[in-house]
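Asks: sequence plus the predicted model coming up.
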Amino acid sequence: MALFSVNNLSMSFGGPKLLDSISFQIEPGQRVCLVGRNGEGKSTLLRLLSGDLTPDSGDIARSVGLTVARLSQKVPEELTGTVYEVVTQGLGEVGRHIAEHHKALESGDMDRLAEAQTALSDACGWEALSDVDAAISRLALNPNQNFEDLSGGLKRRALLARALVGNPDVLLLDEPTNHLDIDSIAWLEDFLLRHVRTLIFITHDRMFLRRIATRIIELDRGKLADWSCDYDTFLERKEALLASEEKSWAEFDKKLAREEVWVRQGVKARRTRNEGRVRELKKLREERARRRERTGTATIIVQDAERSGKLVVEAKGVSHYWGDGHLAGATPVFKDLDLSIMRGDKLGLIGPNGAGKTTLIQVLLGRIKPTTGIVRLGTNLEVAYFDQHREELDPNKSVRESVAEGSDQVTINGHVRHVMGYLKDFLFSSDRANSPVRVLSGGERNRLLLARLFTRPSNVLVMDEPTNDLDAETLELLEDRLMEYPGTLILVSHDRAFLNNVVTSTLVFEGDGVVAEYVGGYDDWLRQRPAPTESSTTYASSKPLLVKQPAQVTAPTSPTPSSTSKPRKLSFKEQREKEALATELAEFPARIEALETEIAKTTERLADPELYKKAPKVMTATRNELVALEEELEQAFARWEEAEARLNELNASA
C-alpha cells in the first residue's frame, strides 16, 4: 500500500504555478530524490507532504498511522533547551527518559541515574539512546550547549540529529548535507542506508544523490517527471528529452509562423475565408501563450588579472597554534608545513569543520602571521575571496547595489555592461535584482556572491564553500569555469564530486596539526592515504566510522618464499624495459613543462583581438592547435602514470 498518494496537486504563491496538477505515489522502501532548478518548488512539495502547508487544489492521501519527520532549510524559532533535549524531542516518551538519563549522568546523582535506567529499560529505549549519542557525536554537537546559542549551521545539525533518531515511517530531508564536513556526510549516508527505510530528500550533492537515491522525481516548470533509475541514467534521459522538446517546439513554431502568414494574406490571395483554419490558428496561439520556457542557464565569466609570478605562495616550516601562540600544551592548527603553490595550481582543502582550513588560507595569504615559520608571497598577486559566511553582503541593500555599489555599470574583462544585464546572466530577473538581499534564498545569495566576486579581476581565486545551495546545472557551469581559469585556485569544499572535477592537488587535515598534500581530488586522496591504524589520528579515522570500508584484497594462499630467500632476478628484457622506463620518467617533467608553455602561448594568441581580424582559417587552425596540445598533455600525464606503475611493478618483483 502506498504511504503517500498525491492527486492533481497544485500550488502557487501569486506567480506561475510552482506545482501544476501533479500526481505520484510513494511506496515503502523507496529513497526518492527531488531534483530541479532553484525555485522550482522542491521545498514547497516537502512542506505539503509533511502537512505544514495546504495546497491550492488537489489532495494528498496518507496511509493510516503514518509518522513523518522533516528537516527544513529554515530553523524554527520556538525551540529551546539544550542540544540533547532538542534531539530527543523526536522520540516522545522514550525521548524524555533518554534526556533524564543524560541529566542524571551529567550530574553524577547515582540514585537519579538508577531510576532513569529503570525507566529506560521499561521503555526499551537503550537502542534509541545509542542512536542519539551516535548522531550527536558524529554531527560534532555539544550535547549540553543551549540550542538558542548555536549558529544557524549548528542548529540545522541538531535538527538533523532529531529527525534521524525519531525513526519515522517517512523521513523528509531538505539539503541535509549543508554545513556538514565530508566525514559527517559519509556517516549520514551510511546511517540512512542502514536505518531509514523510506526517504524523500533534496540535495545538490551529486555523490550523496548517487549513493542514496533509488528513484528520482524532477520538478520542471510546474510539471513532474518520474524517473526510476540512477542519477547518471537520469542525466542521459533528461538530455534526450530536452532535445526532443526543443525539436518539437521548433516544428510547432514553424507551423504557427506559416499560419500567421496565411491569415494576413490579402483578399485577392484567397476567395473564401477558411473559418476552420482560423479557429485552429487561435488554438495554436493559445497553446503558444501557455508554453513555459525553461529558465536559462547562468552565464559565469571569471575575470582574469595580469599573470602573477610563477611562484604564488611558499611556506617553510610554518606552524600555527590556537590562542596565544606556541605555548606548552597549546593545540596546533597545523605544524611544520612545507608547501609551494605555483601559478595555475588548483588546490583543494579537506578537513572536518573547525579544523582550521580558513585559518590556513589566511596564513598562506599573509593575512594572519604564523606562530613559527616563513610564508613568502609571489609577485603581482590579485586575490579574489569567496566568503562562506557571506559577511560581505549587506542584507538591507538591493541585489544590484550589492554588485555595482550604486553604479549602473560594471566592467567585465574590459567591457562595460549594464548591471541589470550582468545580473540576468546569474538568473536574476528585474524584480529580483531590485529586491533586498535579506529576502533571497540560499541559492540566490550564493549566486549573488559569485556575481559580485567575478566583477573583480584576479589571478588568485580563493573559494570557501562556494557550492552550498547551488543547483546542479549552476554547479557544473562553475566547475567548467574554474577548470578553465588560468590563475591559481584555492578551494575549500565538502562537495566530493566538485573536488574531484576541479582540483589538481589536495591538502588534508589529518589531526594533531598534521596537514598532508596529495595529488588529485577526493577519490585520489582515498586511494593514496595511508591505511588507518588503531593509533592513527588521521581525519578519516579520528572518529569511529560507521561507514563500510572496502574490504582489503588479499592474494590467494600460496607458498611464499621466506624472508631469507633470494629475490627473483629480472630477465634481460625486463632489465632493458626498466632502464627505458627510468629514462622516460626522467624526461616527463621537461616534456610536460614544454607542452604547458605552448598551451599558454596558444591561449594568449586566441585571446588577442587581432587574430579575429585575419582570415577565419587562421583562427580555426589556432583553435585546432590548442585542442591538439591539450590532448597531447593529457596523454603525457596518462603515460607518466602508466610508466610509473610499471616501474614500481618491476622493482617489486626484483
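Replies: Good, I have the coordinates.

Asks: so which helix or strand takes in the nearest residue to residue 24 once chain neighbours are set aside?
Replies: Nearest non-adjacent residue to residue 24, counting by C-beta to C-beta, 6 or more residues apart in numbering: residue 6, 5.2 Å away. C-beta here means a position set from N, CA and C on the backbone, and glycine is covered the same way. Using DSSP states H and E, residue 6 sits within strand 4-11.

Asks: same check on residue 244?
Replies: Short version: residue 244 belongs to helix 231-263, going by DSSP H and E.

Asks: other SSEs contacting that helix?
Replies: helix 206-212, strand 215-220, strand 223-227, helix 275-290 (3 or more C-beta pairs under 8 Å, 6 or more residues apart in numbering; DSSP states H and E).

Asks: can you point out the buried residues in it?
Replies: Residues of helix 231-263 classed as buried: 231, 234-235, 238, 259 (neighbour count, 16 or more other C-beta atoms under 10 Å).

Asks: picking that back up, just the CA coordinates of the strand holding residue 6, formatted as CSV?
Replies: Extracted C-alpha coordinates of strand 4-11, given in CSV (Å, rounded to 0.1, in the frame of the first residue of the first chain):
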residue,chain,number,x,y,z
PHE,A,4,1.6,8.9,0.0
SER,A,5,-0.8,9.2,-2.8
VAL,A,6,-0.7,12.7,-4.4
ASN,A,7,-3.5,13.5,-6.8
ASN,A,8,-3.7,16.6,-9.1
LEU,A,9,-1.8,18.7,-6.6
SER,A,10,-1.4,22.4,-7.5
MET,A,11,0.3,25.2,-5.6
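
Asks: that one pairs with which strands?
Replies: Partner strands and pairing direction for strand 4-11 (DSSP bridges) are strand 19-26 (antiparallel), strand 57-62 (antiparallel).

Asks: tell me who's in contact with the spatially most central residue of the chain.
Replies: Residue closest to the average C-alpha location in the chain (C-alpha atoms, centre = their mean): residue 495, at 3.7 Å. Going by C-beta atoms under 8 Å, 6 or more residues apart in numbering, residue 495 touches 205-207, 467, 475.

Asks: same list (these) but as a markdown table, adding neighbour count and pLDDT.
Replies: Putting the contacts of residue 495 into a markdown table (neighbours: other C-beta atoms under 10 Å; pLDDT from 0 to 100) gives the following:
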| residue | neighbour count | pLDDT |
| --- | --- | --- |
| 205 | 25 | 88 |
| 206 | 20 | 88 |
| 207 | 22 | 90 |
| 467 | 22 | 80 |
| 475 | 19 | 82 |
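
Asks: mind putting those residues into TSV with distance to residue 101?
Replies: Below are these laid out as TSV (distance: C-beta to C-beta, whole Å):
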residue	distance to residue 101
205	35
206	40
207	37
467	39
475	43
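
Asks: what's the closest of those to residue 424?
Replies: Ranked by distance to residue 424 (C-beta to C-beta), the contacts of residue 495 are led by residue 475 at 19.6 Å.

Asks: that closest one - that's part of a strand, no?
Replies: No - counting by DSSP: H, G, I helix; E, B strand; the rest coil, residue 475 falls outside a strand, being helix.

Asks: now do the contacts for it.
Replies: Contacts of residue 475 (C-beta under 8 Å, 6+ apart): 204, 206, 467, 495, 498.

Asks: now, which of these sits nearest residue 163?
Replies: After measuring the contacts of residue 475 against residue 163 - C-beta to C-beta - the closest member comes out as residue 204, at 18.8 Å.

Asks: point out where the stretch 101-250 of the chain drops to low pLDDT.
Replies: 152, 245 (pLDDT under 70).

Asks: now the strands: where do they sit in it?
Replies: For the stretch 101-250 of the chain, the strands defined by DSSP state E, counting those that start in this stretch cover 170-174, 199-202, 215-220, 223-227.

Asks: pairing partners for the first one, with directions?
Replies: Within its sheet, strand 170-174 is paired with strand 68-71 (parallel), strand 199-202 (parallel), according to DSSP bridges.

Asks: export it to CSV, keeping only CA atoms.
Replies: C-alpha atoms of strand 170-174 as CSV (Å, rounded to 0.1, in the frame of the first residue of the first chain):
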residue,chain,number,x,y,z
VAL,A,170,9.0,8.5,6.2
LEU,A,171,11.9,10.9,6.6
LEU,A,172,11.9,14.2,4.6
LEU,A,173,15.2,15.9,4.3
ASP,A,174,15.8,19.3,2.7
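
Asks: so which residues of the stretch 301-450 of the chain form helices?
Replies: 357-364, 399-404, 419-425, 430-433, 442-453 (DSSP state H, counting those that start in this stretch).

Asks: quick one, which of the ones you listed gets closest to residue 163.
Replies: helix 442-453 (18.7 Å).

Asks: ok, and what's touching the closest one?
Replies: With C-beta under 8 Å, 6+ apart, helix 442-453 has contacts from 38-39, 73, 175, 178, 298, 300, 384-387, 390, 392-393, 399, 402-403, 422-423, 425-428, 432, 437, 440, 466-471, 474, 478.

Asks: likewise for stretch 353-373?
Replies: 140, 179-181, 184, 313, 315-321, 325-326, 333-334, 336-337, 339, 341, 349, 351, 375, 377, 383, 388, 462, 464, 490, 492, 507, 509, 515, 539.

Asks: what subset of the residues you listed is buried?
Replies: Judged by 16+ other C-beta under 10 Å, buried ones among those: 140, 179-181, 184, 313, 315, 318-321, 333-334, 337, 339, 341, 349, 351, 375, 377, 383, 388, 462, 464, 490, 492, 507, 509, 515, 539.

Asks: measure residue 492 to residue 502 for me?
Replies: 12 Å (C-beta to C-beta, to the nearest Å).

Asks: tally of neighbours for the residue nearest to residue 24?
Replies: Residue 6 has 21 neighbours, counted by other C-beta atoms under 10 Å.

Asks: doesn't residue 25 make contact with it?
Replies: Yes - Residue 6 is in contact with residue 25 according to C-beta atoms under 8 Å; the separation is 7.1 Å.

Asks: in strands, which of the contacts of stretch 353-373 fall?
Replies: 313, 315-321, 333-334, 336-337, 339, 341, 349, 375, 377, 383, 462, 464, 490, 492, 507, 509, 515 (DSSP state E).

Asks: for residue 117, the count of nearby residues, please.
Replies: 16.

Asks: then the one 4 residues further on?
Replies: The number of residues packed near residue 121 is 11, by other C-beta under 10 Å.

Asks: OK, contacts around the residue nearest to residue 508 when sequence neighbours are not counted?
Replies: Once flanking residues are discounted, residue 508 sits nearest to residue 350: 4.8 Å by C-beta to C-beta, 6+ apart. Contact analysis of residue 350 by C-beta under 8 Å, 6+ apart lists 182, 499, 506-509, 522, 525, 539.

Asks: closest to residue 97 among those?
Replies: Out of the contacts of residue 350, the member with the shortest distance to residue 97 (by C-beta to C-beta) is residue 182, at 34.1 Å.

Asks: what's the longest helix seen in the chain packed up against?
Replies: Longest among the helix segments of the chain by residue count, using DSSP state H, is helix 616-653. Under the contact criterion of 3+ C-beta pairs under 8 Å, 6+ apart, helix 616-653 touches helix 572-607.

Asks: what's the burial count for residue 20?
Replies: Neighbour number of residue 20 under other C-beta under 10 Å is 18.

Asks: which ones are touching it?
Replies: 10, 222-223.

Asks: burial measure for the closest residue in space to residue 377 that isn't next to it in sequence, as a count.
Replies: Sequence neighbours aside, residue 366 is the residue nearest to residue 377 in space, at 5.4 Å (criterion: C-beta to C-beta, 6+ apart). For residue 366, the count of nearby residues is 14 (other C-beta under 10 Å).

Asks: how close does residue 366 get to residue 460?
Replies: Taken as C-beta to C-beta, the span from residue 366 to residue 460 is 12 Å.

Asks: can you check residue 87 too?
Replies: For residue 87, the distance to residue 460 equals 42 Å [C-beta to C-beta].

Asks: circling back: off-centre distance for the longest helix of the chain?
Replies: Chain-centre distance of helix 616-653: 29 Å, with C-alpha atoms, centre = their mean, to the nearest Å.
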